[in-house]
Each structure stands twice: as structure tokens, then as C-alpha cells.
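[1] Turn this into a model:
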Amino acid sequence: MSSRIVLVTGALTGIGRETALAFARNGDQVVISGRRDEAGHALAAELRAITAGAEYIHADVRNEAEVRGLIDQIVARFGRLDVAVNNAGTEGELGPITGQTAENYSATFDTNVLGTLLSLKHEMRVMQGQGSGAVVNLSSVAGQVGIAGASVYAASKHAVEGLTKSAALEGAASGIRVNAVAPGPVQTEMLDRFTGGSEVAKSGFLGTIPARRAATPAEIAQTILFLASNQAPYITGHVIAVDGGYLAQ
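    Residues are numbered from 1 along each chain as shown. Below is the predicted model:
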């Protein structure tokens, strides 16, 4: 199979970074986007050491002009867009519902929900013309079960899952597959923030996971690669939990 053109948003750390590296090792040409240019150019250089054609493009997914420009630059440079991984996201400010603010709601939903919507809009615009494409959105098990102290984050990820299913229905006839991955706890800085930087709290939380550990970012990346591959040609509109058995309890 010839190399595909792959976009990973929010690619500079954690799951996004590991996903970009995994696609590069697969022989694909990878475009990464984010807001921190120094880190973006450094990762692009790392990717180019693995596969030709890797590029970093500055883009804030909350800004439609920047998202449109990101997709248009990819098409101008490569001629197409085969895979998009919409990973850009934030947990916002954690705390009880009674302490939440409209400002935190807006900031969290602007990145997690509006950012996903705008990305889907412009990715699918190109993929419809091609008659093919695969999109993977990043959700969370919090979008399915809720998490005390993370109400706004959980609500935003529930919305991402609704967007995923709606986009899948709209794209199916055009050969576009849209799915989401919903990780449980992952070994990232976000997990540290969720557990207050306490190793005791983290250990206690992971003790509630049947697998008794957090996932690695690479394990999430491999699920994303599968959903974007030609090994999953009839899977669309699904949210795949990668959670060590958490939702099975």
C-alpha cells in the first residue's frame, strides 16, 4: 500500500505525539499541528528521520480560519488527505459542579467540541471530493460514565461522541469512516493532573481498573492506527474504549 497523508492535531505531547510517530513508522507521510511552534518543528524533524514528507503547521483548532488554512495547506502540498486524527483537547479546570464557571465551560468546549467540529468540517470537505478517508476522534471513558470532579470535561467528551456518530452517518455514502477512541487512564501529564500530582491518589485510582495499570500512549496509538487502516474498512460510527476493562465492571 502506498503511503497515506495523515494529519494529527494536538500532536506535540502524549497520545498525539505517539500517534504521529506510529503513523511515521508505518511509512505514512504525517502532518502535525499545534500551537507551540518550537516543539512542533522539533517533532517534525524527528518524524522526518523516520519517514519522508513530515511537516508541522501551526493551527489552533478553535479558530476556523486556521483550521481551513491547515487543511488547504495539506491539500496544496500533498494533493489529498487520507487520515485525520482529531486529538487536540484539554481537561479544563477540574473541581465540583458547584465550583464550575461559564469561562471554564467555554474554554473546554471551544477546544474539545468546537475544535472537533471545525476539524471534521474541513477534513470531510476534502474527503468527500476524494470519495474516501478515515477520521478518528479522541474521546474518553469519561464521556460514557462521567467522572466526579470533571463534569465539564466529561460533558465535552460526550459531545465528541455525538459528533462522531453524526459525522459517520453523513460520511458513509462518500466512503468516509469516522470513529472515536475513548481511552481510560493513560500515562500522561493529564493523568497526573487528574490525580492531583499524588502518587498515592494515582495508585488508588488505578487500583479500580481491572488491568491494575494505566495504558501507555503507544497502546492508544495502535488502536488509532487500526481504525484508520484498511483492516477496518467496515467500521464506522463507533466509539472504541481502550480502558483496561474499566467499562466492563
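
[2] C-alpha only now, for contacts and for neighbours.
    Noted.

[3] Return the helix or strand in this protein with minimum mean pLDDT.
    Among the helices and strands of the chain, helix 189-194 carries the lowest confidence by mean pLDDT, DSSP states H and E, at a mean of 82.

[4] Show me what counts as buried in that one.
    191-192, 194 (16 or more other C-alpha atoms under 10 Å).

[5] who touches the next helix or strand after that helix?
    Going down the chain from helix 189-194, the next helix or strand is helix 199-206, by DSSP states H and E. Outside of helix 199-206, the residues that reach it under the criterion C-alpha atoms under 8 Å, 6 or more residues apart in numbering are 185, 191-192, 195, 212-214.

[6] what stretches of the protein score poorly on pLDDT?
    Scanning the chain for pLDDT under 70 picks out 1.

[7] Kindly recompute the last result at 90.
    Per-residue confidence of the chain (counting by pLDDT under 90) places the weak regions at 1-2, 52-53, 146-149, 187-198, 201-202, 205.

[8] Any idea how far the helix or strand harbouring Ile74 is from the middle of the chain?
    Assignment of secondary structure by DSSP H and E places Ile74 within helix 64-78. On the basis of C-alpha atoms, centre = their mean, to the nearest Å, the separation between the geometric centre of helix 64-78 and that of its chain is 18 Å.

[9] before we move on, the earlier item: could you dump the buried residues of helix 189-194 to CSV with distance to Gly115?
    Formatted as CSV, the buried residues of helix 189-194 follow (distance: C-alpha to C-alpha, whole Å):
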residue, distance to Gly115
Leu191, 22
Asp192, 24
Phe194, 22
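
[10] Looking at those, spot the one nearest Ala167.
    For Ala167, the closest of these turns out to be Leu191, at 28.9 Å, with distances computed as C-alpha to C-alpha.

[11] Verify the stated contact: that closest one with Ser198.
    No. With contact defined as C-alpha atoms under 8 Å, Leu191 and Ser198 do not form a contacting pair (10.2 Å).

[12] Tell me which residue lies nearest the centroid of the chain.
    Asn87 (2.1 Å; C-alpha atoms, centre = their mean).

[13] mind listing what's buried in the longest helix seen in the chain?
    Among all segments of the chain classified by DSSP state H, the helix with the greatest residue count is helix 151-171. The neighbour-count criterion (16+ other C-alpha under 10 Å) identifies 151-165, 167-169, 171 as the buried residues of helix 151-171.

[14] The following helix or strand past it pairs with which strands, and in what direction?
    Next helix or strand after helix 151-171 toward the C-terminus (DSSP H and E): strand 176-183. Strand 176-183 has its sheet partners listed here by DSSP bridges as strand 133-138 (parallel), strand 239-242 (parallel).
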